[in-house]
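K.L.:
Next come a sequence and a model predicted from it.
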Amino acid sequence: MQTMKKIVRGAAAVLAGFLVITATPLTAYAGEYGYTYNYDYWGDVQESPDFYSVCKVFTGTDLGLETNLKSPDGIFAYGDLIYLCDSGNNRILELKRDSSEKLEVLRIIDSFEGECDVKTFSNPTDVAVSEEGDFYIADQGNARVLKLDKDLQFVRAFTKPDDNTLDPSLVFQPKKLAIDTAGRVYCIATGINKGLIKYEADGTFSGFVGATKVKFDWTDYIWKKFASQAQRAKMESFVPTEYENIFMDYEGFIYATMALNEEKASDTDCAVRKLNLMGNDILVSNGEWGVMGDLYWGSGGGYEGPSIFTDVTVMENDIYVCLDRNRGRCFGFDDQGNMVFGFGGNGNMNGYFRRPTAIDRIGHDLYVVDALDNSITVLVPTEFGQLVYNAVEQFDQGKYTESGEAWQEVMNQNGNYDLAYIGIGRSLLRQKRYKEAMEYFELKYDEDNYSKAYKQYRKEWVEDHIVIIVIVILALFLIPSGIGKYKKIKHEIDTADIFRN
Amino acid sequence: MIAITKEKYDHYLDSLKFALYCISHPLDGFWDLTHEKRGTYAAANTILFLTLLIRVMKLKYTSFIFYRVYWEDLNVFLYIASVLFPLCLWVVGNWGLTTLFDGKGRLGQVYIATCYALTPYPLIQFPLMIFSNFVTVDEAEFYSMVSAISLFWAAVLIVTAMGQIHEFSAGKNILFTVASLFAMLVMIFILMIFFSMISQGVSYFISLGKEFLFRL
């Protein structure tokens, strides 16, 4: 009887064990990913507390407009003013940001004055405003980039570049633009893949800058060698990809995004380029993964392929936020190319997007334009996000101790956040607490910073123990030679003639 | 009784020390290993054990600068098997082939010689493992070079050892090294077929049993 009970109890325990084992993964995977996530060193998805939360979603009615927005395509923020390209309605809205929750329509710009035949817009896709208040508008339907002064007087139109490498039949379709402080215009146009079209301030075309690198591997090359003319024509040609969007940051560098080639991209490729005046890419990508957004491109919910950054915006702390139109997500990267956050998704809820087209920011607030929802979503950093920004900014300002404390608080809120550990480590490194810094770097496999800390630690250690080291080295040399000498003398004494007999 | 074990122990130590001679004088050493019976199973097993031990220890004690382990995915037994399995295949494959073509070495001798040829691995990797914890990224070149040398050395030793114990000429030796590698592939192929057949067979009987219970 006793044994019977034991067997039953044992079986029940085993059964319960099985239930636990089979039940836990179900609950773990039920929610798939949370809203906000990040990748760790190994590329595993790590859930994160929300970095941004939706403050408000503005539609045409919320803004008090008579006609609702229609497929808005571009946004430009300057000071506390926001310029929105309401492309479908051929107009540009000038909005004033009173607070995160409040936007006010100042002007509706749908026509302009001056010496020009067509004084209206046709599908304006992007707008930029200079410090003097001049408007630069990519007037796609009219094949021109317009420059208007602040009173909406026509100043100049930038037209199709006069370049004999371009196909004459190609219709000029400016898509996105950026301006620098000297009034030069950088523009992306549909069908032109030679780089950014650069115009001087006086309207002359001065060349293409920063064409994307052509990417092909040697197998393609061999295939092409053996392919017939007809086959070759069908094959994908080795041409640079067109840029998706550009953004001029506060230092005058142009951030340009492009779609990665799904088949040829490696996991260290970057979908963002940071161009200097010469058109060279100076983006720093020291992270474990390239600046590319999602690492897993398998089909999920009907979306597959790499993240396609349709827009990018750069903050004053050098963190740049990219907007992925493939999966409707926002990704933040720091100046070293590490992913700071990733959040969002495709959907109808607030904070999810259907066809995001543009992003810009005022301070730390993000403004995301959705062309299908016809809305602007305002996202504000949560307490967690604000802590991260504080930590980054304090470090940049040289307040290393405070930065370390802020990172410590970040780590308390999210123990799976690699940047927090490295941030604490870097702060300790600056405080000359090398041993502790090394521990933090080792935890998150930051070999470069670890080496920096270790080098200093080793130097200190050697300086502290120099006496012992010298003694040991001397001992290593002197003792064997001393023994040799002793043996030799002893041998000489033993074999000396006078001691014989 | 004690005298015999003492003698055995001395012989064991001698044969273990002989590994050092083998790796520095491979031609002479591996000839004597079998022909003069200087090698023992005990010493070969010890070297193999040390190799496996160092390989596992490296996971934990090498500096993270050189070696990062995704612990969630690590199975120590599979990790050990990743050495043992190719070793078994090599020994069996090499013996199976050479024995058909005038190879003088026996199965046990192939095993002993291969294990002896692994000596550089523990010998170099162990100090290197300790050393790795005292360097920075800038000094990492040295580590990877020495590490590569230990592997290359072991590989050269294995090839030389096979030539000596089978009494092959250099050309024939290289030919049979390549052939042995192919033999390993063939054996893997056969094993895979074997296991898939077994699992098919088992699943047949299981479904038969299920059907039977269903009809009952």
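P.N.:
Received it, and whenever you're ready, just let me know what you need.

K.L.:
The residue nearest to A:Asp335 when sequence neighbours are not counted and A:Asn338, how far apart?
P.N.:
Using Cβ to Cβ, 6 or more residues apart in numbering or on different chains and skipping the chain neighbours, the partner closest in space to A:Asp335 is A:Asp318 (3.9 Å). Any C-beta I mention is one placed from the backbone N, CA and C, and that applies to glycine too. In this structure, A:Asp318 lies at 12 Å from A:Asn338, with Cβ to Cβ, to the nearest Å as the measure.

K.L.:
Please apply the same query to A:Gly305.
P.N.:
23 Å.

K.L.:
The two: which has the busier surroundings?
P.N.:
Counted by other Cβ atoms under 10 Å in any protein chain shown, A:Gly305 and A:Asn338 do not tie: A:Asn338 has more neighbours, with 21 against 16.

K.L.:
And for the more buried one, nearest residue in space, chain neighbours not counted?
P.N.:
Among residues not flanking A:Asn338 along the chain, A:Gly287 sits closest, at 4.2 Å (Cβ to Cβ, 6+ apart).

K.L.:
Is B:Tyr12 located within a strand, as I assumed?
P.N.:
No - counting by DSSP: H, G, I helix; E, B strand; the rest coil, one finds B:Tyr12 to be helix, located in no strand.

K.L.:
which SS class is the residue nearest to A:Asn338?
P.N.:
Following three-state DSSP, we place A:Gly287 in the coil state.

K.L.:
Contact residues of chain B facing chain A?
P.N.:
Contacts of chain B with chain A, taken as Cβ under 8 Å from any Cβ of the partner chain, map to B:64-65, B:68, B:70, B:134, B:136-138.

K.L.:
From those, pick the one nearest A:Ala143.
P.N.:
Among the residues of chain B next to chain A, B:Val137 lies closest to A:Ala143 (Cβ to Cβ), at 53.1 Å.

K.L.:
For the stretch 101-250 of chain A, which residue gets nearest to chain B?
P.N.:
A:Thr219 (24.2 Å; Cβ to the nearest Cβ).

K.L.:
what does the average pLDDT come to for the strand or helix carrying that residue?
P.N.:
Using DSSP states H and E, A:Thr219 sits in helix A:218-226. When pLDDT is averaged over helix A:218-226, the result is 80.

K.L.:
Report the next helix or strand after that helix in sequence order.
P.N.:
Heading C-terminal from helix A:218-226 (DSSP H and E), you reach helix A:229-234.

K.L.:
So what's the gap between that following helix and the chain middle?
P.N.:
37 Å (Cα atoms, centre = their mean, to the nearest Å).

K.L.:
Taking the centroid of chain B, which residue is nearest it?
P.N.:
Closest to where the C-alpha atoms of chain B average out (Cα atoms, centre = their mean) is B:Leu87, at 4.0 Å.

K.L.:
so how far is chain A from the closest residue to that residue other than its chain neighbours?
P.N.:
If the residues on either side of it in the chain are set aside, B:Leu87 comes closest to B:Thr114, at 6.7 Å by Cβ to Cβ, 6+ apart. Shown here: B:Thr114 relative to chain A, a distance of 35 Å by Cβ to the nearest Cβ, to the nearest Å.

K.L.:
doesn't B:Val91 make contact with B:Thr114?
P.N.:
Yes - between B:Thr114 and B:Val91 there is a contact under Cβ atoms under 8 Å: 5.9 Å.

K.L.:
in chain B, which helix or strand is least confident?
P.N.:
Lowest by mean pLDDT, DSSP states H and E among the helices and strands of chain B is helix B:2-24, with a mean of 85.

K.L.:
buried residues in the helix or strand that that helix is followed by?
P.N.:
Note on helix B:2-24: by DSSP H and E, the next helix or strand toward the C-terminus is helix B:26-35. By 16 or more other Cβ atoms under 10 Å in any protein chain shown, the buried positions in helix B:26-35 come out as B:26, B:29-34.

K.L.:
Tell me the residue of chain B that sits nearest chain A?
P.N.:
B:Thr136 (3.6 Å).

K.L.:
Now do the same contact list for that residue.
P.N.:
A:450-452, A:454-455, A:458, B:65 (Cβ atoms under 8 Å, 6 or more residues apart in numbering or on different chains).

K.L.:
Mind doing that once more with 7 Å?
P.N.:
A:451, A:454-455 (Cβ atoms under 7 Å, 6 or more residues apart in numbering or on different chains).

K.L.:
can you point me to the longest helix in chain B?
P.N.:
Among the segments of chain B that qualify as a helix by DSSP state H, the longest is helix B:170-215.

K.L.:
does A:Glu66 sit in a helix, a strand or a coil?
P.N.:
From three-state DSSP, the assignment for A:Glu66 is coil.

K.L.:
Okay, it and chain B: tell me how far apart.
P.N.:
Distance from A:Glu66 to chain B, by Cβ to the nearest Cβ: 58 Å.

K.L.:
repeat for A:Ser99
P.N.:
When A:Ser99 is compared with chain B (using Cβ to the nearest Cβ), they lie 46 Å apart.

K.L.:
Show me the beta-bridge partners of that residue.
P.N.:
A:Lys102 (DSSP bridges).
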